[in-house]
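Engineer: Take this sequence and fold it.
(one chain, ligands or ions: 1)
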Amino acid sequence: MADSNNATAPRLISLKLVLPFLLLTSLPVLLSLILTSWHSDFDPSPLPVSYGFRSKAAAAAEEHNSVLGVSERVGEGLRGPEDLAYDEKEGVLYTGCYDGWIRKVRVAAPARDGEVEDWVKVGGRPLGLALASDGSLVVAEAYRGLLKVNKDGEVNVLTDEAEGKKFKLTDGVDVSSKGIIYFTDASYKYSLDMHLLDSLEGRPYGRLLSFDPSSNQTTVLLRDLYFANGVSLSPDQQSLIFCETPLWRCRRYHIEGEKKGRVEEFIENLPGFPDNIRYDGDGHYLIGLPVGRTLFWDLLMKYPLLRKLKVALGMHVNFPSFKNSGLMRVNLEGKPEALYKDSELSLVTGGFKIGKHIYLGSLFQNYLLRIDITKLAAMP
Ligand SMILES: *[C@@H]1O[C@H](CO)[C@@H](O)[C@H](O)[C@H]1NC(C)=O
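Structural biologist: Reported below is the predicted structural model:
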């Protein structure tokens, strides 16, 4: 009889024994994991105070929260079309893919809409793209630097260093009407395959630069930027807007006029990490938000120790948080006007407007997303 009363006892005892045992054995494994990565070169820092922890994200009057429902896939066969440049005469979008190809996507001719053509393999990872007035394409290639691809597909490196520091992650680019190329090196410490470490370290290794093709002169315009990412000239060519990803913000740099050389606020507290920014030809800028802002990211960016732990424990902890991606439309003064997003969208890099359509680029998808903005007006 005593046997049946005590039937659960051995199991209880074994649980009591096993749990501490499990904890005791896993703790050293965890600790050694953390400690081995602790002494690495990765040295996270608190972000500057201007970074608003848990502050309310910039809100747009017009918010579309399920744009996947009104978007279509264009250009199947692309490989992570990151940035877009448009040749209006030819009716083609140029885009840089993760397999090193620059591809053309036909978008103007209805009969061949979405047709993809392999154009030039520049290698590496082409990120920012911009067309120069002579018809050549300027490419911010993450690993090699700033490239120029002429109409015949000939590739040349324009510049790959400034002030004795090599670019490690050439990222965004735009060309002014005078032919000056403005571009960013997101980091002189971490290359693209390590770019998350740069943002998580929270130190300013980024630079905003210009390249003058008439003199081959590379000039550092701003240094100590936090992951300097997308860059876009203002339509009046007086200033440019550039994004700093881990600080959820974009700022303005004056290239002409009374304020030449000065930096001003443009937009703070974006609802996601900003990537590319493009003038839309119609009085607005479009800012790609690859990763939506959540409590997870806010806490992480606030506490360097959490970032240290996260990197020590493995980067894959991210993935549930690589969502809620989208695109924000702001006016010329940086005031948010519209947000196009979807909880299922991931890693949207930027947007490009042609007529009534916005094309969304992406880090990993095999197509562009196209949204007919006239259809959005009817959405709740
Ligand atoms: C700039 O560099 C290109 C390519 O190396 C060269 O052909 C050109 O002559 C250079 N221009 C000047 C002004 O140095």
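
Engineer: So which bits of stretch 163-174 are buried?
Structural biologist: The neighbour-count check on stretch 163-174 (16 or more other Cβ atoms under 10 Å) flags 167-174 as buried. C-betas here are computed from N, CA, C, even on glycine.

Engineer: Widest-spaced pair of these?
Structural biologist: Farthest apart among the buried residues of stretch 163-174 by Cβ to Cβ are 168 and 174. That separation is 20.4 Å.

Engineer: Nearest residue to the middle of this protein?
Structural biologist: Nearest to the mean C-alpha position of the chain, counting by Cα atoms, centre = their mean, stands residue 275 at 3.0 Å.

Engineer: ok, that residue - contacts?
Structural biologist: Contact analysis of residue 275 by Cβ atoms under 8 Å, 6 or more residues apart in numbering lists 229-230, 243, 245, 287-290, 348-350.

Engineer: What's opposite the residue nearest to residue 92 when sequence neighbours are not counted in the beta bridge?
Structural biologist: Nearest residue to residue 92, sequence neighbours excluded (Cβ to Cβ, 6 or more residues apart in numbering): residue 104, at 4.4 Å. Counting by DSSP bridges, residue 104 is bridged to residue 94, residue 117.

Engineer: Residue 104 touches residue 116, doesn't it?
Structural biologist: Yes. Contact criterion Cβ atoms under 8 Å: residue 104 and residue 116 qualify, at 7.3 Å.

Engineer: Settle it for me: which of these two has more neighbours?
Structural biologist: Ranked by neighbour count (other Cβ atoms under 10 Å), residue 104 and residue 116 place residue 116 first, with 23 against 19.

Engineer: give me every residue that touches that one.
Structural biologist: Residues in contact with residue 116, defined by Cβ under 8 Å, 6+ apart, are 75-78, 103-106.

Engineer: Separate out the buried members of those.
Structural biologist: Judged by 16+ other Cβ under 10 Å, buried ones among those: 75, 78, 103-106.

Engineer: re earlier: among the contacts of residue 275, which are in strands?
Structural biologist: Those of the contacts of residue 275 mapping onto strands are 229-230, 243, 287-289, 348-350, per DSSP state E.

Engineer: Output the below-cut-off pLDDT ranges for the stretch 201-350 of the chain.
Structural biologist: 315-321 (pLDDT under 70).

Engineer: buried residues in stretch 90-103?
Structural biologist: In stretch 90-103, counting by 16+ other Cβ under 10 Å, buried: 91-98, 100-103.

Engineer: Just name the closest of the buried ones among the contacts of residue 116 to residue 43, please.
Structural biologist: Nearest to residue 43 among the buried ones among the contacts of residue 116, with distances taken as Cβ to Cβ, is residue 78, at 36.8 Å.

Engineer: Show the contacting residues for that closest one.
Structural biologist: 95, 97, 103, 105, 116, 365-368.

Engineer: ok, back up a step: make a ChimeraX selection of the buried ones in the contacts of residue 275.
Structural biologist: The ChimeraX selection below is limited to those of the contacts of residue 275 classed as buried (16+ other Cβ under 10 Å):
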select :229,230,243,245,287,288,289,290,348,349,350
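
Engineer: As JSON lines, the contacts of residue 275 with distance to residue 84 would be great.
Structural biologist: Formatted as JSON lines, those follow (distance: Cβ to Cβ, whole Å):
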{"residue": "229", "distance to residue 84": "15"}
{"residue": "230", "distance to residue 84": "12"}
{"residue": "243", "distance to residue 84": "16"}
{"residue": "245", "distance to residue 84": "19"}
{"residue": "287", "distance to residue 84": "14"}
{"residue": "288", "distance to residue 84": "10"}
{"residue": "289", "distance to residue 84": "16"}
{"residue": "290", "distance to residue 84": "15"}
{"residue": "348", "distance to residue 84": "12"}
{"residue": "349", "distance to residue 84": "9"}
{"residue": "350", "distance to residue 84": "7"}
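
Engineer: Quick check: the farthest pair among the contacts of residue 116?
Structural biologist: Across the contacts of residue 116, no pair lies farther apart than 76 and 104, at 14.2 Å, counting by Cβ to Cβ.

Engineer: which one's the longest strand in this protein?
Structural biologist: strand 217-225.

Engineer: Checking residue 196 next. Helix, strand or coil?
Structural biologist: Counting by DSSP: H, G, I helix; E, B strand; the rest coil, the backbone at residue 196 sits in helix.

Engineer: measure it to residue 246 for me?
Structural biologist: 10 Å (Cβ to Cβ, to the nearest Å).

Engineer: These two: which is more packed in?
Structural biologist: Taking neighbours as other Cβ under 10 Å, residue 196 and residue 246 compare with residue 246 leading, 23 against 14.

Engineer: Contacts only, for the more buried one.
Structural biologist: 47, 51, 199-200, 202, 226-227, 273, 301.

Engineer: Next: residue 171.
Structural biologist: Residue 171 neighbours (Cβ under 8 Å, 6+ apart): 127-128, 140, 142, 183-186, 228-230.

Engineer: try residue 222
Structural biologist: By Cβ under 8 Å, 6+ apart, the contact list for residue 222 reads 207-208, 228, 242, 253, 263.

Engineer: so which pair among those residues is furthest apart in space?
Structural biologist: That would be 207 and 263, which, of the contacts of residue 222, are the farthest apart (Cβ to Cβ) at 13.1 Å.

Engineer: and the two? which has more neighbours close in?
Structural biologist: Set residue 207 next to residue 263 and count neighbours by other Cβ under 10 Å: residue 207 wins out with 22 against 16.

Engineer: those helices in the stretch 201-350 of the chain, which residues are they?
Structural biologist: Remark: helices assigned in the stretch 201-350 of the chain by DSSP state H, counting those that start in this stretch are 295-302, 304-313.

Engineer: list the helices and strands the shortest one packs on?
Structural biologist: If I follow you right, that is helix 295-302. Helix 295-302 sits against helix 304-313, with contacts defined as 3 or more Cβ pairs under 8 Å, 6 or more residues apart in numbering; DSSP states H and E.
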